[in-house]
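Peer 1: give me the fold of what follows.
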Amino acid sequence: MIRSVLLLALTFCGTFPAKDLLLQYNLRKGEVFEVKQHTEQKIVQTIMGMDQTGNNTHEGTMVMSVLSVNEKTTRLEARMTHLKSHLKNFMNEVTLDSDGSEEEESTRIMKAMMNKPFYVTLSATGVEKVEGVDKLWDSVEKLDLPDEDKRKVKAAIGQMINDASLKNGLSQAFLTYADKAVAPSETWVSQSEIPADFPVVAENKWFVESATSSQAVIKGEGVFKTTDKTKVVKLPGDLKATVDLAGTQKVNGTATIKTGLPGKVTVDANLSGIIVLLAGGLLPMDVEVPISIDTHTVYTFARK
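Peer 2: Next up, the predicted model:
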């Protein structure tokens, strides 16, 4: 009985180091790792008094190599090796897959963006910059395919495949750390955007839930707000809109203390509010659409 109590006490004491914990990105030149993403999203829109439900699934794989390391930043070369999106709503259903049938024009378009380099800059605390993603579309433009096929694919996923959106997505995958060592009860804050071209930011509060000598469990809670309700954004289907959205998100991740590299990061987010579809095309007037968006994303990291 005494032995059991001692073991329980030792286990409890081992959930956080005796001294404050410093988490930072500390990678070495030449290191290579793989990042996988799986996202499930449910969108409910109220149109003409009727709820319309859409379900989207996105999955992707990136291989990242450490190109250089200096005192302040780490520069990574990233290449997408797999990308698949399944978009389903009350109007249509589209599947885009870089590993799909070569007979599909959309497959050739997706494949053209695979294994092309773009670049990620990490600071000690998180993602600082993403660049070169927009150039992936240059490979698409060089394909001997009808412009209309290229336009349709870009209309479906173009808002996700660009420098800004991918920076926002990778800022979820790479956990955001404090700029100093933290005590067990201490929190730190950051601001992030969503992986889409919406003027919506999250005010996040982070803390270390537990830690051993080699691994930490980090949790974050965020509150979304719209920063510019007049900004015009592009939506799939060549629609344009303004948004007024709010909501919350929860992040749960593990990380290696020595390098800061995450192991698994789960993000659950909810946004709701109003999207105003702007007049144009088939819309003779602006249409106000109440909407809710529930998103569940899992990122996993593995060394190559």
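Peer 1: check the gap between Leu83 and Lys129 for me.
Peer 2: 21 Å (CB to CB, to the nearest Å). The C-beta positions use only the backbone N, C-alpha and C, and glycine is treated the same way.
Peer 1: wait, what's in contact with Lys240?
Peer 2: Going by CB atoms under 8 Å, 6 or more residues apart in numbering, Lys240 touches Val232, Val233, Lys234, Leu277, Leu278, Gly280.
Peer 1: among those, who's most crowded?
Peer 2: Leu277 (20 neighbours; other CB atoms under 10 Å).
Peer 1: look up which residues are beta-bridged to it.
Peer 2: Ala241, Val287 (DSSP bridges).
Peer 1: list the buried ones in the host helix or strand of Val63?
Peer 2: Secondary structure assignment for Val63, by DSSP states H and E: strand 50-69. Residues of strand 50-69 classed as buried: Gly54, Asn56, His58, Glu59, Gly60, Thr61, Met62, Val63, Met64, Ser65, Val66, Val69 (neighbour count, 16 or more other CB atoms under 10 Å).
Peer 1: what about the closest residue to the second one other than its chain neighbours, distance to Glu71?
Peer 2: So the one you mean is Asn56. Excluding the flanking residues, the one nearest Asn56 by CB to CB, 6 or more residues apart in numbering is Gln41, at 4.3 Å. From Gln41 across to Glu71, the span is 39 Å (CB to CB).
Peer 1: now do the contacts for the residue nearest the centre of the chain.
Peer 2: Centroid-nearest residue in the chain, with CA atoms, centre = their mean: Gly169, separated by 2.3 Å. By CB under 8 Å, 6+ apart, the contact set of Gly169 is Gln37, Met160, Pro195.
Peer 1: from these, which land in strands?
Peer 2: Under the assignment DSSP state E, the contacts of Gly169 contribute Gln37 to strands.
Peer 1: out of the contacts of Gly169, who's the most crowded?
Peer 2: That'd be Pro195 among the contacts of Gly169, by other CB under 10 Å, with 25 neighbours.
Peer 1: wait, Gly54 touches Ile43, no?
Peer 2: Yes: taking contacts as CB atoms under 8 Å, Gly54 lies within contact range of Ile43: 4.3 Å.
Peer 1: shared neighbours of the two, anything?
Peer 2: Taking CB under 8 Å, 6+ apart as the contact rule, Gly54 and Ile43 both touch Asn89.
Peer 1: what comes up buried for the helix or strand hosting the residue nearest to the centre of the chain?
Peer 2: Using DSSP H and E, Gly169 maps to helix 163-173. Under the neighbour-count criterion of 16+ other CB under 10 Å, helix 163-173 has Asp163, Ser165, Leu166, Lys167, Asn168, Gly169, Leu170, Ser171, Gln172, Ala173 buried.
Peer 1: where in the stretch 51-200 of the chain is pLDDT low?
Peer 2: 90 (pLDDT under 70).
Peer 1: that one: helices as residue ranges?
Peer 2: 105-112, 136-141, 147-157, 163-173 (DSSP state H, counting those that start in this stretch).
Peer 1: save those as a markdown table, and put in distance to Ser292 too.
Peer 2: Listed next are the helices of the stretch 51-200 of the chain as a markdown table, based on distance: least, CB to CB, whole Å:
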| stretch | distance to Ser292 |
| --- | --- |
| helix 105-112 | 29 |
| helix 136-141 | 31 |
| helix 147-157 | 21 |
| helix 163-173 | 20 |
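Peer 1: of all these, which lies closest to Leu239?
Peer 2: helix 147-157 (9.1 Å; CB to CB).
Peer 1: what's the angle from the closest one to helix 105-112?
Peer 2: 70 degrees (axes from the mean of the first three to the mean of the last three CA atoms, to 10 degrees).
Peer 1: residues in contact with Asp134?
Peer 2: Neighbours of Asp134 in contact, by CB under 8 Å, 6+ apart: Asn162, Asp163.
Peer 1: what about it, distance to Lys116?
Peer 2: From Asp134 over to Lys116 (counting by CB to CB), the distance is 11 Å.
Peer 1: ok so Lys29 is a helix residue?
Peer 2: No: counting by DSSP: H, G, I helix; E, B strand; the rest coil, Lys29 is not found in a helix; it is coil.
Peer 1: show the model's pLDDT score for it.
Peer 2: Per-residue confidence (pLDDT) for Lys29: 97.
Peer 1: ok, it - contacts?
Peer 2: Val66, Leu67, Ser68, Val69.
Peer 1: try 10 Å
Peer 2: Residues in contact with Lys29 (CB atoms under 10 Å, 6 or more residues apart in numbering) are Ser65, Val66, Leu67, Ser68, Val69, Thr74, Arg75.
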